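Participant: With the sequence up front, the predicted model follows.
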Amino acid sequence: MTATTASQIDAASIVNNAIRIRGARTHNLQNIDVDVPLGKLVVVTGVSGSGKSSLAFDTLFAEGQRRYLESVSVHTRSLLKQFPRPDVDEVSGLPPTVSVDQRVTAAPARSTLAVTTEIYDFLRLLYAKAGVAHCTNCGKPVHSQTVAEVVRQVLQRPERTKLMVLSPMVRGRRGAHKEVLERIGRNGFVRVRVDGELLDISEVPELSARKQHDVDAVIDRIILKDGIEQRLRESIDLAVRESDGTCIVCAQVDGAWEDQLFSTKFSCADCNLSFPTPEPRTFSFNSAWGACEKCEGFGVQGIVEETQDVAVFRKVPCDACGGSRLQPFARSVTFRDHSIADFTSLSVNDALELVRDWEQNTEQSTGESQYGTLVAARTLPDIRQRLECLQRVGVGYLTLNRATRTLSGGEFQRARLGACLGTGLHGACFVLDEPTSGLHPRDTQRLLATLCEIRDAGATVVVVEHDGEVMRAADHLIDLGPGAGIEGGRLVAAAAPGNVATASDSPTAKYLRGEGVGDEDSSGSVKEPQQLPATNSKDARQSTQQQLFPDDAPAGDEAKSGSQPQLTIRNARRNNLQNVTVDIPVQKLVCVTGVSGSGKSSLIMETLLPVATAFVRRDVDSAFALADADCDAIDGLDAFGRVVAVDSSPLSRNRRSCIATYSKLWHDVRKIFARTKTARAKGYDARRFSFNSGDGRCSECKGTGLKDVRMAFLPDATVPCPECLGKRFNAATLAVRFADRDVADVLDMRVDEAVDFFGELQSLRSMLETFRSVGLGYLALGQPASTFSGGEAQRVKLATELAGGRSEPTLFILDEPTVGLHPADVEHLTRLLRSLITAGHSVIVVEHNTDIMNASDWIIDIGPESAMDGGQVVASGTPADVAEAALGLTASFLSAAT
């Protein structure tokens, strides 16, 4: 075979119009070869842990960023985080890559939605150049004009107009002002205007020191006519020098004299206050130039509030800036009667309506200069375009001043996606992670339209996604699997969605064909599927639940009759909730749903969860928790001994964290090795076999098994520890063996293998069986938790709870547990949640997934829309009841679901 040069490879990629990936081995990828077509919507899918993110982010995006950094200077490169070189033989035909992920915590603490989407940058320019500043004391407009601009404006008056050019020396101040009058005389001026009366300087009477006075030096008296411009310019220039930046032109109009104040320094003559010239940084709350001095630009402050003899610490808007984050002068600048704080307090939808109105009203507004009108004409279209993009991606309900870190991962990603779309960036490759996360089915079509718009603009869109609607809308589908972990990482199919559906029997292909995806075992094989029928009748749905979950009694009639215990949330007012009172059945699977921003998380995660946690732990008085959650009462909490919140967040940031340590399984393993004959002879106790601390771990890598290699001008590298060769322990510890295996061997075991290895030890076997039953049999006991997908992390948490064998009734609360899950994993998750119900626990799920909705015992639909148009209970009942009632947006998707 002849050698292929890099130029030939790139040429081939261009001809094929695709990104060419060869020999990808990042994480669990099995040396795969795949082409990613350019200019297309490409969806990468597969079961949780199959290698999707390893291909899309850790290979494709990482290589694109690494190549970009190689193009900048060595000095610049040393200041930036460098990505490690992915384990891949070849990536060619790669355009510039942009990652749009869901890491909200990466946003700066002061960042807002407007800042994240760069709308605020345009607003700062608009208000600095086109805004009208106002005195922070009296509120009157203050302007800054050059002498030439003042002269030009004065010359627009009719010819033969009589004028006086005055220099204001005193404005509304008490005192005799003798020194001011003396200075006016010394500077050669013979006339002065005192409290509106024109006098010779020598005839000014003694002024009362107890009264307020206005004193203006008369610089010149002029009649407008040809040839007067030079004299007028000199007079105005002298006037502003004498009064430190201001002058008054007093004109005779219809027999009366009228004053017009001009300023070259943004000052208020009435209040004797001067202000800096507005600049974009004046409106930055990330800078000392603009940030409120009290709250330092965060917009909030902590207070202790007394409510019915209960003291509650809460964050409230800063009393100095009113939550605007800005200093007084920045808050005083308006554009068409709206301050920048007024504008950013609007929702995206309302702000878009206002900007459109401003664009249609092209007439120059009062106080707005011609230059300001020109700036507005150039900046408003950019602001409108970005607002339209945010509306299209489904976050129109969010306010522009919403703190970025308070957004959900899905909201943050869609906001960044809207920003990318608004830039008009062409030819790039966008890599997105689960963009439908947190989206109600109603909003998925809007998102798809946005992705297609980015594609049609010439970009390549690579999406890691499991949503069926997105998969079917793709131009090209890359299916990885067939299983997870070492059973995954292979290219199952890569073609148009219709061709993938007929190409294999993978979970994705079955799902696309409309077949039940079934229940995966630990090896990645699929068991016989059980499929929900395409019907909405109440009896049929309850019959289906009994077939799928025979251990569960039907929930609907019991819950409605009141024979079942229940939780009752009374008058919840958190965020946009409108005095919500709702009953939640106990010992059932309850799904709380609604469109994005409707109030689901406010009701469950910010009201029920903290109050229930405080109640069962007794560490916070329930009255305090209720007051802090803006809720009158929650009845029925005495039915629970524990409250457990489960999400898909990482298990730990510790590099040593793994299944063995998180589940406490390693405690038992250490005891087993400590009881061996060799360990007893050497005097080793259980602490010897800990890789988190103690004398047994490798002293070189401190028990991680890895070493970071720092390089000045190249990306840092992580390699196996040269001392222990990645085994984590020192040689003396590894000399101790149980059943011919050392502790490093045990950590390298897959869960499946460990079940058999510890088969005679009932407690260990039972725990490991639980992990295998939730589909994690492919994971190694010592695999770092940082490498787990969101779905894997979630299942580890649930399996740990199940394996704990705790008997007290527990309230499990899950926030969007299907994030990152393939439809096959969703069915697996549903069965896992059912096992919790069977064990006597209660499960509340905040979710949009229609499969979870249909499998639930009870649905609570919040809405009907987002923000202030939401916050109400639209419907409550069994899935059949909600579908038949046809109230709200969720009902239509329940009716359409199978």
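Facilitator: Perfect, thanks for sending it. Numbering: from 1, shown residues only.

Participant: Contacts only, for residue 435.
Facilitator: Residues near residue 435 by CB atoms under 8 Å, 6 or more residues apart in numbering: 100, 410, 413, 414, 417, 447, 451, 463, 465, 470. Quick note: C-beta positions are derived from backbone N, CA and C, even for glycine.

Participant: State the distance from the fifth one to residue 681.
Facilitator: Distance of residue 417 to residue 681, given as CB to CB, to the nearest Å: 62 Å.

Participant: Of those two, which one has the most company?
Facilitator: Remark: of residue 417 and residue 681, residue 417 carries more neighbours, 27 against 9, as counted by other CB atoms under 10 Å.

Participant: Now the more buried one: which helix or strand?
Facilitator: Per DSSP states H and E, residue 417 falls inside helix 409-423.

Participant: Please enumerate the strands of the stretch 1-150 of the chain.
Facilitator: 18-24, 32-37, 41-45, 88-92, 97-100, 133-134, 141-142 (DSSP state E, counting those that start in this stretch).

Participant: Point out the other elements, helices or strands, that the strand or helix carrying residue 771 touches.
Facilitator: Using DSSP H and E, residue 771 falls within helix 762-773. Other elements packing on helix 762-773 under the criterion 3 or more CB pairs under 8 Å, 6 or more residues apart in numbering; DSSP states H and E are helix 665-674, helix 751-757, helix 790-804.

Participant: can you list the weak-confidence ranges in the stretch 501-650 of the chain?
Facilitator: Applying pLDDT under 70 to the stretch 501-650 of the chain flags residues 516-563, 619, 648-649.

Participant: For it, just list every one of the strands.
Facilitator: Counting by DSSP E, counting those that start in this stretch, the strands of the stretch 501-650 of the chain are 566-572, 580-585, 589-593, 631-635, 642-646.

Participant: I'd like the ones you listed written out as a markdown table, with mean neighbour count and distance to residue 753 added.
Facilitator: A markdown table is the format used below for those (neighbours: other CB atoms under 10 Å; distance: least, CB to CB, whole Å):
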| stretch | mean neighbour count | distance to residue 753 |
| --- | --- | --- |
| strand 566-572 | 19 | 42 |
| strand 580-585 | 20 | 41 |
| strand 589-593 | 27 | 33 |
| strand 631-635 | 17 | 46 |
| strand 642-646 | 19 | 27 |
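
Participant: Quick one: closest of the ones you listed to residue 510.
Facilitator: Nearest to residue 510, of all these, is strand 589-593, at 24.2 Å by CB to CB.

Participant: Which residue ranges make up the domains of the protein?
Facilitator: 6-93+439-448+459-512, 113-131+291-423, 138-274, 538-648+808-896, 659-787 (automatic domain parsing).

Participant: Would you work out how far apart the start and end of the last one are?
Facilitator: So the one you mean is domain 659-787. Start-to-end span of domain 659-787 (CA to CA, to the nearest Å) is 11 Å.

Participant: And it, how far out from the chain middle?
Facilitator: In terms of CA atoms, centre = their mean, to the nearest Å, the centre of domain 659-787 is set 36 Å apart from its chain centre.

Participant: next one: the third one
Facilitator: Relative to its chain's centre, domain 138-274 lies at 54 Å (CA atoms, centre = their mean).

Participant: What of the fourth one?
Facilitator: Its chain's C-alpha centre lies 24 Å from the corresponding centre of domain 538-648+808-896 when counted by CA atoms, centre = their mean.

Participant: and residue 732, how many residues sit next to it?
Facilitator: Residues lying near residue 732 (other CB under 10 Å) number 12.
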